[in-house]
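Enquirer: Structure for the following, please:
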Amino acid sequence: MGVIQHDDDDAFIEPISATIVEAFPEQQQAQGNSINEAPPTVVAGAANPSMHDMESQQQDPYAEHFAEQYMEPQQHQSLSNNSNDFSVSESSIRRRTFLSRHRQDLDHLETDAAHNCSHPIPEPTRPLEAQNPQMQQQTATRDSLDRWDRIQSTMTNFTQLPKTPDALLTFFLPAWRWLKQYNLKTSLRKDIIAGLTVGVMVIPQGMSYAKLAGLPVQFGLYSAIIPVYMYALFGSSRQLAIGPVSMIALLLNTGLTTIMRNNYAQVSEAKYQSIYLQLALQTSFLVGLINIFLGLARLGFVTNFLSRAVISGFTTGAAVIIGCTQLPSIFGFGVTYDSIKIHKILQAFFRNIHQTNWKSFVLGTVSVLLLVLLKHIGKARRKYRWVQALGPLTVTVIGIVFTVGMDLDVDANISVVEDIPKGFPQVSARDIFPMDHFRELILPVISITLFGFMESVAIAKRLAATHRYEIDSSLELIGLGVANLSGSMFQAFPVTGSFSRSTINNDCGAESGIAGVVTATLVLVVVIFFVKIFERLPLCTLSAIVMSGVFGLLDYAEAIKLWKVHKKDFVCWMCAFVGTLFSGVEIGLLLSIGVSVLIVLYESAYPHTAVLGRLPSTSVYRNIKQYPDAEEYIGILIIRVDAPLYFANAQNVREKIRKYRLAAEEDTAYEHGDVKFLILDLTPVSHIDTTALHCLEDMCDNYKSRNQQLCFCNPSLVVMKRFDDIGFTEKVGRKFFFSCTHDAVKWCLAEMDTDATSAHETQLQTSDGAHGSRTNCNDDLGCPVRVTRLAPLEVVFDA
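Expert: This next block holds a predicted model:
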């Protein structure tokens, strides 16, 4: 409907007339004229004559609302004084210059809802859909998405190739989405600046994380070349900066060290390093394969089973371990660990602390403090955010300058990086096969895949929301998989998205994957031409870079928040944190996953249930604990189950219903009778299995033997179909199924009223009839009119 002009009276009055005719058909017919001929006279209660007869003194709610919207203030005041009759003039109608479709819907809603009609439960056979092939096809499509059919349908839709060339290119090359819209004038400069900034940051970080992973430092640089190129083409995020990160390096070191200690404890140092490198490349290859498989199978949702509390606890514990493993390098001595556990790490550290090199300690400590200061400046002052990115490169230059200028590696015996091969990374595809330790690699591969994907997707979705575009988790898995798979062919260990570098990349204005291409190109140039400069870089400086990076992973603030807000989540956080510290990173991650699964199982096996009551002056039923003023009725117990019913929770729900019934019957409100009707609100129950169905059948039989009846409200189409298929509907009786709780309550009250009246009449007939009069309703007969939390209502029968 368009806007109605002021000077077109007919155009304005006509929709008003249509609204009044629809709302007050009896009144309009009685007048026998149009609103264009004479102003209408609206009588309160005319829309529902039966209600008007019963409650003649009650004002119609629509009349009051209509008067507020369309009448002059004086007329509205007149209505308040005489609620039975009011008039609406054309002049007052003209006050509203526009009548939208939404106003018509609102008026219809208010008048139609006042009728409060009952509706039957729809038949699961869907006769209308059977007559309409198109509707039947749509319904079949919706039903096919239930349970495992949802996954199969998603996989089928994903594997179907697009038909148009543009869609086909976008499917195989996600970068085409932004390449075809790329603006060289406005975006290229920003991407180059962001790429160079991240490149300056990743060079020292990559070498540090390679050392943390137990690999030569050059492999950290190699991991920032080919994988970054490939992700720029196949990744779905435009601002995500992938490459080596501390958590993945620690998980890799922990897993491979265990394999080497169990199988190659007696080999030479050169042989040990060669086998270790081969295992690292195989791990990267397997991580890439699993990521691609999960992406094609659309299984990215599996990471949703890890709660934020569990991830935070695991990350904090792993960060503490990473920081402690870097202490020996800061203090200037080397340590060999029996296992990556906090007590073993500290024990080995304090056993060798007498070997401390104070010059290395001073250089490392100053580097840590400088990095923390630069990071604080970059976060505190937005215009100096570039300072944070230059932090790792700054301490790297300072360390190299001091080492070269003062010969610290010779005179002060400070350990340095030493030899770094120059040139493009060699092709390492032949080192991937054969996989002699495939079974032993499964645990580190799974842990790296899970954590890498969680971290990468979390960062990518946050950046995508900032720039208003969507991230497909499955495509992100494929992009990470291609990056790791291709990187394993060129001496790269597993990579994922880096939170710190992605933040810098975004703050510097990156708008596409071109920034990643610039970053990889800068690292490649350094590897080919300038890598020899880093041969005299002190190891304590690399450890300082690692330690400054893990400070941001210490999420102790989350633990404090959980303690205040949710104690159960705090316990989960502590389990993951303590388990990671004292059991190791891999076992800690498995423990974290186990805790998350236990939480899911517990919440599923012990679903929330509630006793409902009616909110005064409404037909809405809510939890009586949340709304203490909600009304309950004698003989009726209303229970809502807030979860699907299946084998794991059926018995628990049954036990809760029994406890609710016993508690209700012990209440003083039910001192004159038991619960007659138990109404189950099944609105939140989206699914029910055969175990729960048999449990409901047993409950119905048990309650019938006690002269009690189960009623069911608003079961979904799926649940109702299961009821019909197993014969539960016919066994219970279709009359005990209702579309809403209010209908069920009215029906139950009417039934109890009929029974109480019949019992009362019987009692009168069998009693002494000499008095020739009837007494008031006896509460001992279970008269259902008394309402809990309200004053008792007196019911008097005519003589």
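Enquirer: CA atoms only for stretch 196-212, dumped as PDB, please.
Expert: This file holds the C-alpha atoms of stretch 196-212, laid out as PDB (Å, rounded to 0.1, in the frame of the first residue of the first chain):
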ATOM      1  CA  LEU A 196      55.700  -5.900   4.200                       C
ATOM      2  CA  THR A 197      54.800  -5.200   7.800                       C
ATOM      3  CA  VAL A 198      53.800  -8.800   8.400                       C
ATOM      4  CA  GLY A 199      56.800 -10.000   6.500                       C
ATOM      5  CA  VAL A 200      59.100  -8.000   8.800                       C
ATOM      6  CA  MET A 201      57.400  -9.600  11.700                       C
ATOM      7  CA  VAL A 202      57.300 -13.200  10.500                       C
ATOM      8  CA  ILE A 203      61.000 -13.500   9.700                       C
ATOM      9  CA  PRO A 204      62.300 -13.500  13.300                       C
ATOM     10  CA  GLN A 205      59.100 -15.200  14.600                       C
ATOM     11  CA  GLY A 206      59.400 -18.000  12.100                       C
ATOM     12  CA  MET A 207      63.000 -18.800  13.100                       C
ATOM     13  CA  SER A 208      62.000 -18.700  16.800                       C
ATOM     14  CA  TYR A 209      59.000 -21.100  16.300                       C
ATOM     15  CA  ALA A 210      61.200 -23.400  14.200                       C
ATOM     16  CA  LYS A 211      63.600 -23.600  17.200                       C
ATOM     17  CA  LEU A 212      60.600 -24.300  19.500                       C
END
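Enquirer: how much distance is there from that stretch to the middle of the chain?
Expert: In terms of CA atoms, centre = their mean, to the nearest Å, the centre of stretch 196-212 is set 33 Å apart from its chain centre.
Enquirer: With stretch 614-628 instead?
Expert: So, by CA atoms, centre = their mean, the centroid of stretch 614-628 is 29 Å from its chain's centroid.
Enquirer: Stretch 546-556 now?
Expert: For stretch 546-556, the distance to the chain centre is 26 Å (CA atoms, centre = their mean).
Enquirer: List the contacts of it.
Expert: 205, 208-209, 211-212, 246-247, 312, 315-316, 318-320, 322-323, 326, 330, 368, 371-372, 375, 391, 499-500 (CB atoms under 8 Å, 6 or more residues apart in numbering). No exception for glycine: its C-beta is placed from N, CA and C like everyone else's.
Enquirer: what residues are up against Leu327?
Expert: Counting by CB under 8 Å, 6+ apart, Leu327 makes contact with Phe349.
Enquirer: Can you give me the distance of it to Leu539?
Expert: Using CB to CB, to the nearest Å, Leu327 is found at 12 Å from Leu539.
Enquirer: Also Ile528?
Expert: 24 Å.
Enquirer: follow-up on the earlier one: now, of the contacts of stretch 546-556, which are buried?
Expert: Buried members of the contacts of stretch 546-556, counted by 16 or more other CB atoms under 10 Å: 205, 208-209, 211-212, 246-247, 312, 315-316, 318-320, 322-323, 326, 330, 368, 371, 375, 391, 499-500.
Enquirer: what distance separates the start and the end of stretch 428-445?
Expert: 19 Å (CA to CA, to the nearest Å).
Enquirer: How far does it sit from its chain's centre?
Expert: The mean C-alpha position of stretch 428-445 is separated from the chain mean by 35 Å, CA atoms, centre = their mean.
Enquirer: Could you pull out the strands in the stretch 351-500 of the chain for me?
Expert: Here the stretch 351-500 of the chain has its strands, by DSSP state E, counting those that start in this stretch, at 496-497.
Enquirer: Under the pLDDT cut-off, which ranges of this protein? List them.
Expert: 1-98, 123-163, 668-673, 768-799 (pLDDT under 70).
Enquirer: and if we set it to 80?
Expert: 1-172, 300-306, 338, 382-383, 385-386, 667-674, 767-799 (pLDDT under 80).
Enquirer: Let's check: the centremost residue of it is which one?
Expert: In the chain, the residue lying closest to the centroid (CA atoms, centre = their mean) is Asn304, at 7.4 Å.
Enquirer: how near is that residue to Leu294?
Expert: Using CB to CB, Asn304 is found at 13 Å from Leu294.
Enquirer: Phi, psi for Ser686 please.
Expert: Backbone torsions of Ser686, given as degrees, to the nearest 10, read phi -90, psi -20.
Enquirer: nearest residue to His329 other than its sequence neighbours?
Expert: Careful, residue 329 is Ser and not His. Nearest residue to Ser329 in three dimensions, chain neighbours excluded: Ser543, at 3.8 Å (CB to CB, 6 or more residues apart in numbering).
Enquirer: swap in Asp674?
Expert: Nearest to Asp674 is Glu665, by CB to CB, 6+ apart, at 5.3 Å.
Enquirer: host element of that neighbour?
Expert: helix 650-666 (DSSP states H and E).
Enquirer: now Leu612
Expert: Here Leu612 is assigned to strand 609-614, by DSSP H and E.
Enquirer: What is the next helix or strand after that strand packed up against?
Expert: On the C-terminal side of strand 609-614, the nearest following helix or strand under DSSP H and E is strand 621-623. Applying 3 or more CB pairs under 8 Å, 6 or more residues apart in numbering; DSSP states H and E, we find strand 621-623 packed against strand 609-614, helix 741-766.
Enquirer: Now render these as TSV, adding distance to Ala175 and mean neighbour count.
Expert: As requested, those are exported to TSV (distance: least, CB to CB, whole Å; neighbours: other CB atoms under 10 Å):
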stretch	distance to Ala175	mean neighbour count
strand 609-614	50	22
helix 741-766	54	16
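Enquirer: Out of those, which gets nearest to His437?
Expert: With CB to CB as the criterion, His437 lies closest to strand 609-614 of the helices and strands packed on strand 621-623, at 50.5 Å.
Enquirer: how far off helix 650-666 does the closest one point, in degrees?
Expert: Here the directions of strand 609-614 and helix 650-666 differ by 40 degrees (axes from the mean of the first three to the mean of the last three CA atoms, to 10 degrees).
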